[in-house]
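build me a model from this:
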Amino acid sequence: MNRDAVVEKVRKLAEKADVSNVDFLAVQVILTDQDPGIFYVEVKDHKVNVEPYDYHDRNCSISMTSDDFNKLINGKLDPVAAFTVGKLKVDGDIGKALEFSKLLK
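Numbers count the residues shown, from 1 in each chain. Coordinates of the predicted model:
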């Protein structure tokens, strides 16, 4: 699955996400097997934006393969287990990365 297809899938999931308790969250996703493989998800003013760009003012970034990311957003890969075995790498606030994974379920 290419980056643009992943971004569209995340946008559809974001439409259903309950962000009423989230003040601000900005996560950059790096799909390590894609070029370009970067996009970001931002929750601001209780709205979710998903854009295929680099985001510098983020809480954290997560890196993983597109296959593993697809499993993560489909609920077939636990984010804690993925982090533990090295399938998911986090740069920045790990708590925000967990908050992000909960939004996508």
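
excluding residues flanking it in the chain, which one is nearest residue 34?
Counting by C-beta to C-beta, 6 or more residues apart in numbering, residue 3 is the residue found nearest to residue 34 once chain neighbours are left out, at 4.7 Å. For every residue, glycine as well, the C-beta is placed using N, CA and C.

who are the contact partners of that neighbour?
31, 34, 36, 37, 38, 39, 52, 66 (C-beta atoms under 8 Å, 6 or more residues apart in numbering).

hmm, 10 Å instead?
When contacts are counted by C-beta atoms under 10 Å, 6 or more residues apart in numbering, residue 3 touches 29, 31, 33, 34, 35, 36, 37, 38, 39, 52, 66.

ok, the closest residue to the second one other than its chain neighbours to residue 47 distance?
Yep, that's residue 31 we're talking about. Excluding its sequence neighbours, the residue lying closest to residue 31 (C-beta to C-beta, 6+ apart) is residue 37, at 3.5 Å. Residue 37 sits 25 Å away from residue 47, going by C-beta to C-beta, to the nearest Å.

comparing these two, which residue is more hemmed in?
Applying other C-beta atoms under 10 Å to residue 37 and residue 47 shows that residue 37 carries more neighbours, namely 19 against 9.
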